[in-house]
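*Asks:* sequence and predicted structure below; questions after.
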Amino acid sequence: MIFYAWGEPVWVFLLVGSVTLNYFAGILIDKYRDTKKSTMFTAAALIIDIGVLVVFKYSGFLVENFNAISPIDLPVPNVEMPIGISFFTFQIISYILDCYWGKIKVQKSWYKLLMYISMFPQLVAGPIVRYSVIEGEIDNRVITSADISEGITRICMGLGKKVILANNLSIIVDTFFKDGDLASLSVMGTWYTVIVYAMQVYFDFSGYSDIAIGLGRIFGFRFDENFRYPFISKNITEFWQRWHISLGTFFRDYLLYVPIFGKRRKYLNLFLVWFCTGFWHGANWNYIIWGLYFGMFILIERTIGNKRMRKMPTALAHIYNTIVVVIGFGIFYFTDLGKLGTFLGNLIGLNGNAMFDMISAKNMMANAWLVIVCIILCMPVVPALKKKLESMDLYLVSTTGQTILNVASFALSSILLVNATNNPFIYWQF
Amino acid sequence: MADNINDKELEELNEIYRQKMEALKNSSKHEHEHKNKKTKPSKTVVKADKPVVKSAAEKKSVKPDSKSDSVNVDDRKKKLAIRINIGVCTAFFAITAICLIVLPRPTVSETEKRNLATFPDFTWEAYWSGDYAEDISYYFNDTVPFRDTFKSIGATFRSLFGFSIDGAELNGTISQVNSGNSQTEVTTQSTKPIQIVIPQTTESSGSTPSQIDDNSSQSGSSDETSSDSKPKPDNSIYTAPSDPGAVIVAQSGTQIAYVGSDGDVYGTVLYNGNRSNAEDYAYSVNTIKEKLPDTNVYSMLALTQSTFITPSELSITDYTELSDSVFVSNMLSKDIKVIDTLEALLPHKDEDIFFLRDCHWQQLGAYYAAESFAKAAGVKFADLKEYDEYGEYCLGSVYSATQYDGLSEAYEMFNFFVPKNEYTTEYYNSNYEYQFDYPLMPTSDYNGNSFYSLFMVADSYIKHITTDAGNGRVLVVLKDDYPSAMIPCLTSSFEEIYVIDVRYCDFNVIDFCKEHGATDVLIGMTTESALGEIGDTLSYLVNLQ
């Protein structure tokens, strides 16, 4: 609570209020289990939770679009969005739905429910920790030295991902996509920048997830993994099983398998899931397009079938996945649809832009080692190396190396943070 | 970097491990018969019974089928590794935290030439808006002990990101050039002919300063520069610098770092004068002359790198520094002597008269400008042989402004000349109250990060220099920071020199000149200053009651 109040001295009360409301909703759902009242309380809690999210995150977007298609000109609300509202709202929703479905025992202690929602490691940028994951650990936590050691490692590595890698990749992205003249950027420059951006988002968000998981571990909580080297996937379905896993599984468990449109209309459910996935990321059309873009590829892959997809040559599968994912991140970046169009045109030279330009080339050379290291670290090289060393009976070499890496990552990150401009985690905005 | 196994796998492995431990326990009697064996199953059993949830790495390395010896050895290794990791990392965190708490926090950054953040005062308004928490974070971030050293280390690390191109280290950001539409014509509107003091008659051709002068009485325009024109060896002909391949790599306001076609990183200040403010400066100088009819009044609009080095392709204004300096000069009264720094510097453009990564000129450039002024004033001027010459490394101001890593170690040679003749320097505050005596150029205080303060310590002091010139000439210099480097070059030329930076002056400068018997008044600053706030300030000081 102190952590959240430090950054959100006003909206911390919204958090407390939301927890209080859902605490009583949980009690009532449990009390009237298997009755219509239980359903009613669940629906009421969900409507309020989602309503709060809509008001704070989507009201401006909705009014703007309503004004655009109607003769009425409503004033566009300018509501400040509390940090992490998307994450803690989804955690609350998972708690209410799991209560309703009887998957968990209702939490009788308001204080403990508040602790679950306001747990500072993952409060502001995920991962979305479901109540069921840490239900047992709220009351019975065992913290071993192994947990602390692992937690420290995850924190140091996560910090390094964010500060050493993501922050420096962001400078390249800003140079061309934010500060540069996008229309005159060459085909090569556009591809180069969007690839760098994809890696930036990965290291930024997975870095935060590592820090959150590490902190949780030190406090005796075991959060689920949120990333499992997504760029090594061979298709988009697999990519989403490795990327932001907590969000993907949330929609899978709470939306996809809930037959809102009936079992025969599963494609509509799929559409809804990916619409929501995109919309969850932000109140902009590009996010919705981004979600539907991935939904479309998943639909295509389902239509083709897993067996046929597996027959695709490995190299070709990786190329396919990488191209789709990278273009997807371009859609993710450009909230301005005009610029998004320019970006898409740039990718294939439709804007009359050159294939190659010296400025991009110089930038590539200027950041060559950084980019190469990032590409390597997008693959599970470090775990493979550790495994190899351990198989060679060099366990202490492996672990000592990890300790050195931890200290180096922490020290270097601290140095690079000195006088650094504010580089918030990308997912803080969600 | 996560290499974890899921909880289900974890439980399975734990179960296998427990079974193995049970088996070991059952065979403990047999084990005890072999006293030489290192394994102590009972101890291991206790551990296994603990509800310990081990790390993924540990669990993966559990080998239920291996011999008990190896299990124990593995266990010891793991425990040792865990202890090392926790011990080393925690010690490092603790030392870092203690250092951050205990070590004194800096209040000034020498490399950035600014005061650092102060701890914010608490107000409820600031608290509820979130500003208080944000300001505290900013304070701790801004005042990290040894911040300049850490920044330097960070810059060195970032320099490893890139390849070396043509001997120049490129790293960090390289952005696209803002190809401004530089309008290079000189337009003049004055109906009054101006007097340009030319110390030496130079052959003029094409777009030389003389031609600018000739055109000054016309309401037309002429090409002052041409980005297409190739550099000519004749140093008397001005050609605007051009480098179509220049790439801006960092920018802060008008200060930029750019990579030239030669691959070197340069720093400069883009000219950003506003011609519409020319009247303030012209009015001030004309008024001074009007109120001091018996005093020689000079106007010197010092030209900078913008005119001599910065590629014209990077220009951000419609008019150039040179054309604006002519424009302003044309608005001056005819009895004001205009010191033409183009005439003074052009013959020496291939010498080191400007820094390449700082907004100032080298003292050699100031020396040539001072020479031009001295000749216009009709006073003697000391040859360079009459100075003690020094050379020190310095870090240009563009790094401070842009924080571009590629400039963090780009020290260049600062050559300065200390006059050998006799003189004393008194320092006064902005109300002209005596403060202290101190050297004109305190070389013992030299600091490569604030090297320009070598010239008379700080602009905020008014200086009174008394020399052995013995000619009865009293000079008052009204200036911005730029001409500071030329003051030492005038110690042989004037018996007394008063140096006033108009930004730090709280009295009427005309009255001051009268009270101190000024025989000469030099108003010197960059063209951009004259067309900006400093020109405005000067007009205020002229009218101050």
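*Replies:* Perfect, thanks for sending it.
*Asks:* burial measure for the residue in the stretch 201-350 of chain A that chain B sits nearest to, as a count.
*Replies:* Closest residue of the stretch 201-350 of chain A to chain B, CB to the nearest CB: residue A:225 (5.5 Å). All C-beta spots, glycine's among them, are computed from the backbone N, C-alpha and C. Residue A:225: 20 surrounding residues under other CB atoms under 10 Å in any protein chain shown.
*Asks:* isn't it right up against residue A:214?
*Replies:* No: with contact defined as CB atoms under 8 Å, residue A:225 does not count as touching residue A:214 (11.9 Å).
*Asks:* next, the residue of the stretch 201-350 of chain A closest to chain B: secondary structure please.
*Replies:* Three-state assignment for residue A:225 (DSSP: H, G, I helix; E, B strand; the rest coil): coil.
*Asks:* chain center to the lowest-mean-pLDDT helix or strand in chain A, what's the gap?
*Replies:* Lowest by mean pLDDT, DSSP states H and E among the helices and strands of chain A is helix A:120-123, with a mean of 74. Relative to the mean C-alpha coordinate of its chain, helix A:120-123 is positioned 14 Å out (CA atoms, centre = their mean, to the nearest Å).
*Asks:* neighbouring contacts of that helix?
*Replies:* By CB atoms under 8 Å, 6 or more residues apart in numbering or on different chains, the residues outside helix A:120-123 that reach it are A:3-4, A:84, A:87-88, A:117, A:128-129, A:209, A:211-216, A:219, A:221, A:223.
*Asks:* got the end-to-end distance for stretch B:371-386?
*Replies:* 14 Å (CA to CA, to the nearest Å).
*Asks:* got the confidence number for residue B:218?
*Replies:* Confidence at residue B:218, expressed as pLDDT, is 33.
*Asks:* typed the wrong thing, it's residue B:152
*Replies:* At residue B:152, pLDDT is 78.
*Asks:* ok, the one 3 residues further on next?
*Replies:* Note for residue B:155: predicted pLDDT of 76.
*Asks:* can you tell me the helix or strand for it?
*Replies:* helix B:147-158 (DSSP states H and E).
*Asks:* buried residues in that helix?
*Replies:* B:147-148, B:150-155, B:157-158 (16 or more other CB atoms under 10 Å in any protein chain shown).
*Asks:* packing partners for that helix?
*Replies:* Helices and strands touching helix B:147-158, by 3 or more CB pairs under 8 Å, 6 or more residues apart in numbering or on different chains; DSSP states H and E, are helix A:395-417.
*Asks:* can you report how many residues neighbour residue B:75?
*Replies:* Residue B:75 - counted by other CB under 10 Å - has 17 other residues nearby.
*Asks:* go on, residue A:158?
*Replies:* Neighbours of residue A:158 (other CB under 10 Å): 25.
*Asks:* where do the strands sit along the stretch 401-545 of chain B?
*Replies:* B:411-419, B:423-428, B:434-437, B:462-467, B:474-479, B:496-501, B:520-526 (DSSP state E, counting those that start in this stretch).
*Asks:* dump those strands to JSON lines, plus distance to chain A.
*Replies:* Formatted as JSON lines, the strands of the stretch 401-545 of chain B follow (distance: least, CB to the nearest CB, whole Å):
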{"stretch": "strand B:411-419", "distance to chain A": "20"}
{"stretch": "strand B:423-428", "distance to chain A": "33"}
{"stretch": "strand B:434-437", "distance to chain A": "33"}
{"stretch": "strand B:462-467", "distance to chain A": "34"}
{"stretch": "strand B:474-479", "distance to chain A": "32"}
{"stretch": "strand B:496-501", "distance to chain A": "29"}
{"stretch": "strand B:520-526", "distance to chain A": "28"}
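*Asks:* now the helix holding residue B:155 against helix A:395-417, angle please.
*Replies:* Going by axes from the mean of the first three to the mean of the last three CA atoms, to 10 degrees, helix B:147-158 is angled at 120 degrees with respect to helix A:395-417.
*Asks:* domain ranges for chain B?
*Replies:* Recorded structural domains for chain B (assignment: automatic domain parsing) are B:7-102, B:168-543.
*Asks:* most tightly packed of these?
*Replies:* Comparing the domains of chain B by mean neighbour count (mean count of other CB atoms under 10 Å in any protein chain shown), domain B:168-543 ranks first with a mean of 20.
*Asks:* name the SS class of the residue nearest to residue A:141 when sequence neighbours are not counted, please.
*Replies:* Of all residues not flanking residue A:141 in the chain, residue A:220 sits nearest, at 3.2 Å (CB to CB, 6 or more residues apart in numbering or on different chains). The local conformation at residue A:220, judged by three-state DSSP, is coil.
*Asks:* so residue A:220 touches residue A:138, yeah?
*Replies:* No: Residue A:220 is beyond contact range of residue A:138, at 9.7 Å (criterion: CB under 8 Å).
*Asks:* and residue B:297, which of the three is it?
*Replies:* Quick answer, by three-state DSSP: residue B:297 is strand.
*Asks:* quick one: it from chain A, how far?
*Replies:* 46 Å (CB to the nearest CB, to the nearest Å).
*Asks:* just how off-centre is stretch B:327-344 within its chain?
*Replies:* 30 Å.
*Asks:* next one: stretch A:106-124
*Replies:* For stretch A:106-124 - counting by CA atoms, centre = their mean - the centre lies 20 Å from the chain centre.
*Asks:* then stretch B:92-107?
*Replies:* Worked out by CA atoms, centre = their mean, stretch B:92-107 lies 28 Å from the chain centre.
*Asks:* which residues are contacting it?
*Replies:* A:407, A:410-411, A:414, B:115-116, B:118, B:140, B:143-148.
*Asks:* okay if I get those residues as JSON lines plus pLDDT?
*Replies:* Supplementary listing: these in JSON lines, determined by pLDDT from 0 to 100:
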{"residue": "A:407", "pLDDT": "94"}
{"residue": "A:410", "pLDDT": "93"}
{"residue": "A:411", "pLDDT": "92"}
{"residue": "A:414", "pLDDT": "90"}
{"residue": "B:115", "pLDDT": "74"}
{"residue": "B:116", "pLDDT": "80"}
{"residue": "B:118", "pLDDT": "85"}
{"residue": "B:140", "pLDDT": "86"}
{"residue": "B:143", "pLDDT": "85"}
{"residue": "B:144", "pLDDT": "85"}
{"residue": "B:145", "pLDDT": "87"}
{"residue": "B:146", "pLDDT": "84"}
{"residue": "B:147", "pLDDT": "81"}
{"residue": "B:148", "pLDDT": "78"}
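*Asks:* any chance of these in a markdown table, with distance to residue A:80 too?
*Replies:* Converted to a markdown table, the contacts of stretch B:92-107 look like this (distance: CB to CB, whole Å):
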| residue | distance to residue A:80 |
| --- | --- |
| A:407 | 39 |
| A:410 | 33 |
| A:411 | 36 |
| A:414 | 31 |
| B:115 | 31 |
| B:116 | 30 |
| B:118 | 27 |
| B:140 | 25 |
| B:143 | 29 |
| B:144 | 30 |
| B:145 | 35 |
| B:146 | 37 |
| B:147 | 32 |
| B:148 | 36 |
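*Asks:* so what pLDDT did whichever residue of the stretch 251-400 of chain B sits closest to chain A get?
*Replies:* With CB to the nearest CB as the measure, residue B:259 is the residue of the stretch 251-400 of chain B nearest to chain A, at 7.5 Å. In this model, residue B:259 is scored at 83, pLDDT.
*Asks:* can you check residue A:254 too?
*Replies:* pLDDT at residue A:254 comes out at 79.
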